[in-house]
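# Generate coordinates for the sequence data below:
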Amino acid sequence: MVQNLVLPFNDLIRGTSRFRQGQILQKTQWFRREEIERLQNRNLRALLKHAYETVPYYRRVFRERHLTPEDIKDSHGLIKLPQLTKEDIQKRPQDFVSVKYDRSRLLPYQSGGSGNPIRFFITKDSYSWEVAAEFRAYAWAGYGLGDRCFMLWGSPLDLTRSSAVFRKINQSLERILIADSFVLSDGFFERSVQVLRKFRPKIIRGYASSVFTLAKYLKHQGICDIRPTSIITSAETLEISMRKTIEDAFGCPVFDYYGSRETGAIASECEEHHGYHISSENVAIEFVDENEHVAAGESGIALITNLRNMGMPFVRYKIGDIGIPSADSCNCGRGLPLLSSIEGRISDFMACTDQIHHKVVPIGPIYPVIISIVMHLPIKNCQVVQEQIDNLTVKVVKDAGYSDRDTEYLIEHMQRELGSSIRIEVEFVESIPPLPSGKRSVFVSKIDPFQVSTEIKNN
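Down below sits the predicted model:
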């Protein structure tokens, strides 16, 4: 009923077309790889032509580089254009809005807020394609509109929006129950367990760290009667150890989803779990190292081009993530290309000094190092902060039985893993709040390890 009646009626009221776009994407996912590439290239050329003709920033960029849209035939040709950063958008946001659109008819949005949020606009058409791609990815996990879904979400921005009457009606019809995971405590987990037992969701969705922390609570309490069909994690890096803990606690597979507010649905795992299928009908994704495309299997900085947002186009947007492209095909039969893995945010990578060659190198992501150490210690929560190249501060929330010997173990083993030249300070705190976006991170870098490395190399 929700899929075939409520969603089309909702589209009619809001002036969107999620239902129609969703039907299209259900078909195109089964196209051959070559057909999907042709579709992506056609959408890319249309976007670049539109951006050149109607967006001041891109008209200036093309002219400065003596280019025309016809000079770029596919995503490989995007290397001719500069990378787009949040700072570029924040300096002159009006230069990115297409003069073809009345701003009053565009939808205002804001990025997640992890460090440096931006405000931007999207069209209703772009919104429709993004949501359609998102729910196509959820379908791979066995989730359809109307299935009972329990969400662990901590974004103040989303939670404020979800309080609107219209949105609450939607959530009720779609049978989505949202739990505010901005503050995680034993009391929160106790209440969540009661709700889960009563609600009996088919799907649990949420921030990777929130679902992981709930899974740890269930295992610690010996609770094993909460059995959804699958788990969908997003918004944060899902480490192998986190995936295993979640699957053990809930007795079902985890499907990781990769997207952002700025660019919508990017990639997601299917039932084969052989990497992440890229939503190539909607986005073009590049992975670069020093502005050169990396080969399949190599790590690179992700640059995303949203092919659908004509109102405020983002071309080669530096989203702040590190990933590894793949040349493999998936046994599921979908022609959508694969992304091998998402290694994490740029801020998840640590910079350190290579004393032998006297240079700074990124060594991350640092998550596995931290998790492997703290799992053996009586610690409720911890966070490692890098303020400088040679200095780390470890914030620790003690659990019962913590002693000075544990502090010595922590410092000794971190130096063993990261190098003795790094100074490690331990700071004991009562709690570690999430980031403004509601996300949690065991590592926070106040420096860009790749930028520092490049600056040292150039000097």
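# in the top helix by length along the chain, what's buried?
For the chain, the helix reaching the highest residue count under DSSP state H is reported as helix 33-54. Residues of helix 33-54 classed as buried by neighbour count (16 or more other Cβ atoms under 10 Å): 36-37, 39-41, 43-45, 47-48, 50-52, 54. C-beta here means a position set from N, CA and C on the backbone, and glycine is covered the same way.
# I'd like the average pLDDT over the helix or strand hosting Tyr138.
Applying DSSP states H and E as the criterion places Tyr138 in helix 124-140. Taken as a whole, helix 124-140 has a mean pLDDT of 95.
# Could you list the paired strands of the helix or strand following that helix along with their orientation?
Remark: after helix 124-140, the chain's next helix or strand is strand 149-153, criterion DSSP H and E. Next to strand 149-153 in the sheet, as set by DSSP bridges, lie strand 176-180 (parallel), strand 203-207 (parallel).
# Relative to Pro325, which of those strands is closest?
Distance to Pro325, taken as Cβ to Cβ, is lowest for strand 203-207 among the strands paired with strand 149-153, at 25.2 Å.
# following the one helix or strand Arg416 maps to, which helix or strand comes up?
Assigned by DSSP H and E, Arg416 belongs to helix 404-418. Counting by DSSP H and E, the next helix or strand C-terminal to helix 404-418 is strand 423-428.
# where are the low-confidence patches of the stretch 151-300 of the chain?
154-173, 182-183 (pLDDT under 70).
# How about the stretch 351-459 of the chain?
The stretch 351-459 of the chain contains residues with pLDDT under 70 at 353-365, 435-440, 449-459.
# What segments of it are helices?
Ranges of helices in the stretch 351-459 of the chain, per DSSP state H, counting those that start in this stretch, are 367-374, 404-418, 449-458.
# Buried residues in the first one, which are they?
Within helix 367-374, the residues that qualify as buried are 367, 369-371, 373-374, counting by 16+ other Cβ under 10 Å.
# Kindly confirm whether my reading is correct that Cys332 touches Glu269.
No. The criterion here is Cβ atoms under 8 Å, and Cys332 misses it with Glu269 at 10.2 Å.
# Who has more neighbours out of these two?
Glu269 (25 against 15; other Cβ atoms under 10 Å).
# so that one sits right up against Asp256, yeah?
Yes. Contact status for Glu269 versus Asp256: in contact at 5.2 Å, counting by Cβ under 8 Å.
# can you list residues touching both of the two?
Common neighbours of Glu269 and Asp256, using Cβ atoms under 8 Å, 6 or more residues apart in numbering, are Tyr276.
# and the helix or strand encompassing Ser210, which residues are buried?
For Ser210, the host element (DSSP H and E) is helix 208-221. By 16+ other Cβ under 10 Å, the buried positions in helix 208-221 come out as 208-215, 217-218.
# Need the residues that contact it.
If you take Cβ under 8 Å, 6+ apart as the criterion, helix 208-221 is touched by 152-154, 181, 184, 186, 189, 192-193, 204, 223-224, 226, 231, 233-238, 242, 245-246, 248-250, 256, 439-441.
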